[in-house]
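# Got a predicted structure here, sequence first:
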Amino acid sequence: MTSVSSIPNFCQGIQYFGSELPDFDRLGKEPAIQADQGAISSVQEPGAIFQTLLAADALRYLTLQVTASKASGHPGGFASIADCIAAFVMLGHKNIVTEVGHHAPGFYSNMFLDRSLEAMGIHTVTEMCKRFREKDGLLGHLSGQIPGLLSPAGPLGQGQHFAMAGAKLHPQVLFPVTIGDGGLGEPYIMSSMGHFHTAYPQMTNFLPILVWNGYSQEHHSMVATQSNAEMINYWQGNGFDQVILVNAKDYDDADQPGEYVDSTRFGWQQRLAFTGAILAAAEQAAASALNGQLTVLIVKQLKGAGVHARGAQSHNLYAHHSLDHEAVVAALKSLALSPAAWALTRTNFERAAGGPASQQAVTEQERPLPEIGPLPLQEFERHHDSQVATTAMGELVAHVGQQDPAFIVSNADGNAASGINNINQALKIIHPTVDDLYFQQPEGQVYEPLSEDACAGLAAGLSLFGARSLWCSYESFAINGLPLWQTVTQAMAELRRPTPAAIALFTAGALEQGRNGWTHQRPEIENYLAAMIRNGNIFPLFPCDANSIQVCYDWALTAKNKGIPIFASKSPLPVRTTLAQTRQALTTGAILLQETPGSKTLVLAVIGDMVLLPVFAAAAQLAEQDIGTRIVSVISPRRLYRPEDVAWQSCQAADGQFLSDSDFEQLFAGDALLGVTGGASGMLEPVMLRSQCRRDCLSWKRGETTASADQLMAVNGLVAETLVSRAIAILD
């Protein structure tokens, strides 16, 4: 019977304690990590191996108990990699990222053991279980608010972006990233690492760790049938210099069937042998990655090792998997450590890397940014100029890159195609081949993989880790990178530190893509982002001309913890505003462009720049019929919502600026209102919600191949004649 007085305080709530393991009095006498060290002294030292094994079982135990406390969550995947996570911590590496959101309870257990969770008031196992999968607690998947954890993890195929962003910003730091063999089926993982390595061959300090456990969520993984040689060849064929594989099967003395086995079922000496192999492999992989070799560590061990079930059945818990469930009880008892073993593990984890990850991880402090000075804004003359908005913004982007060496611009479809070749000219495309014709060189700042996921991933990852960046995309293709961008911006809303806004420039909207047909005419991204506005920290911006876009980008550069997509055309369009007008519109949400008198007043609430052409033409025709118009350009739709429509108060960098009711009436009150957009109608929602007059909406309907933007607008009813007839109908 364990006396209460001998149980460390942090162990309050642990269901079961075990007896001392063999040789604990010899190998557990002193912590393997000395008080003045941040790591074990040798991977060959028996005490270090023994205590790494204790740590692996402690991680498994906590992962299972915390999930079973809610009969919810995912213990199985992390259980198969717990030995490896323990090894990296014992080696002093705490900047660990994951691609697998289902590993969250294991990562929380890691942060609990090293005391990081104390920063959010979690001191005991009881408190950790109570706050698991609860509001303001430990989310089911990793988020931006958990102390010590570097990045979110939800959709598969994302974690490597954060590891690479960290590697770029911190060349002397190792960023291990666990990748599930189920997630390996995502096409983005290998291609994104391949492009990054080609662009930055010297930055090998990110280390993918393949969790090769044979199963995904509900079945065998699609790489389960590959032989060891085939898996090694796969990574080597994708450019990895060092492929290190540790196979639990090689240490099995329990005669387990199949290619994937559970190390917790080995005899004690073989458990130590396997742990020693993991520890040595982790040290080898870390040294290789930090010394210029692209390296992967593969750990082959059965999914669910040591927990309530094995294989895909270990993936998650169902409602009956409570702490009283027979299989859960049996697993917890088999993993149970003595109070002394818990205390020893806590000491090692706290000392590793010099302290809790909540104090040591690179993302735990705000990253200092180099001064870029005032942007060289150029005010074009109103009504006498037609300018390309994206090109005007490109000049400012070039200035930022020239002042900030860490700044990158990413684009999958090419900056030149978006009217921003001036960015390429100033900052150069990153490529090992020097070619002046294409403005490319190895030391460039323009990152151009042919993958929107890779573009969005590195740019958003850099923003999350504290650097400036810009993701540029054709609006029609951006949807392929948006899930990653959304994950990051949601994390930013919860983040406990300031970080530069994730800025995107979406060009070549549907109206500009007539000849290309519907493949290039997909404005649904605007509805996606319109829904995201309600998160509280998403600010889509629709500058109406080349002056407006400069002010929008200038504002975005100063913003913190926001997601700011800027939509603009690459065609020459009239300059309709001053710089001062857009500065005001970033507060009020909209600009009054033109007002003409008449017997009745139609308000035209317009989102976009090119679509203003038929709107102004319609206003002229309506004036001939004694119908007055007020043309209002909506620059920042988020400002036009009512405060209660948006979850702004729950954002760490709360922005509660909304247009007042009286000011809304000044801009949008009339006899009728017609919302007009060349994109999706969702962005007009705040205007439609608040307007009290008769109203209607004209927006994008579908794509078609046409010879010009005018013809495409006609297909979608976005021409002056249609606007006039609709206006008369709602005014009648």
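Noted; the coordinates are in hand. Numbers count the residues shown, from 1 in each chain.

# where do the strands sit along the stretch 501-650 of the chain?
Listed in chain order, the strands of the stretch 501-650 of the chain (DSSP state E, counting those that start in this stretch) span 502-507, 563-567, 572-574, 590-596, 600-607, 627-634.

# got JSON lines for those strands, with mean pLDDT and mean neighbour count too?
Backbone N, C-alpha and C define where each C-beta goes, glycine included. Shown next, in JSON lines, are the strands of the stretch 501-650 of the chain (pLDDT from 0 to 100; neighbours: other CB atoms under 10 Å):
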{"stretch": "strand 502-507", "mean pLDDT": "96", "mean neighbour count": "28"}
{"stretch": "strand 563-567", "mean pLDDT": "97", "mean neighbour count": "26"}
{"stretch": "strand 572-574", "mean pLDDT": "96", "mean neighbour count": "18"}
{"stretch": "strand 590-596", "mean pLDDT": "97", "mean neighbour count": "19"}
{"stretch": "strand 600-607", "mean pLDDT": "97", "mean neighbour count": "25"}
{"stretch": "strand 627-634", "mean pLDDT": "98", "mean neighbour count": "24"}
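
# Just put those in JSON lines and tack on distance to residue 194.
Conversion of these to JSON lines gives the following (distance: least, CB to CB, whole Å):
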{"stretch": "strand 502-507", "distance to residue 194": "23"}
{"stretch": "strand 563-567", "distance to residue 194": "27"}
{"stretch": "strand 572-574", "distance to residue 194": "38"}
{"stretch": "strand 590-596", "distance to residue 194": "45"}
{"stretch": "strand 600-607", "distance to residue 194": "38"}
{"stretch": "strand 627-634", "distance to residue 194": "41"}
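
# Just give the number of residues close to the closest residue to residue 357 other than its chain neighbours.
Excluding its sequence neighbours, the residue lying closest to residue 357 (CB to CB, 6 or more residues apart in numbering) is residue 148, at 3.2 Å. Neighbours of residue 148 under the rule other CB atoms under 10 Å: 26.

# For residue 39, find the nearest of the strands of the stretch 501-650 of the chain.
strand 502-507 (34.2 Å; CB to CB).

# Can you list the strands that that closest one pairs with?
Looking at strand 502-507 with DSSP bridges, its partner strands are strand 469-474 (parallel), strand 563-567 (parallel).

# For residue 384, which of those strands is the nearest?
strand 563-567 (24.6 Å).

# List of residues touching that closest one?
With contact meaning CB atoms under 8 Å, 6 or more residues apart in numbering, strand 563-567 is reached by 393, 475, 485-486, 488-489, 492, 501-507, 509, 526, 529, 532, 537-543, 549, 552-553, 556, 608, 679.

# of those residues, buried ones?
393, 475, 485-486, 488-489, 492, 501-507, 509, 526, 529, 532, 537-543, 549, 552-553, 556, 608, 679 (16 or more other CB atoms under 10 Å).

# what's the burial count for residue 19?
Using other CB under 10 Å, residue 19 has 10 other residues around it.

# for residue 187, same thing?
By other CB under 10 Å, the residues close to residue 187 number 11.

# Now it. Nearest residue, chain neighbours left out?
Of all residues not flanking residue 187 in the chain, residue 157 sits nearest, at 7.7 Å (CB to CB, 6+ apart).

# same deal with residue 35?
Nearest residue to residue 35 in three dimensions, chain neighbours excluded: residue 351, at 6.6 Å (CB to CB, 6+ apart).

# before we move on, what about residue 193?
Spatial nearest neighbour of residue 193, chain neighbours left out: residue 160 (5.6 Å); criterion: CB to CB, 6+ apart.

# immediately after the helix or strand where that neighbour lies, which helix or strand?
Using DSSP states H and E, residue 160 maps to helix 159-169. Counting by DSSP H and E, the element after helix 159-169 in chain order, helix or strand, is strand 175-180.
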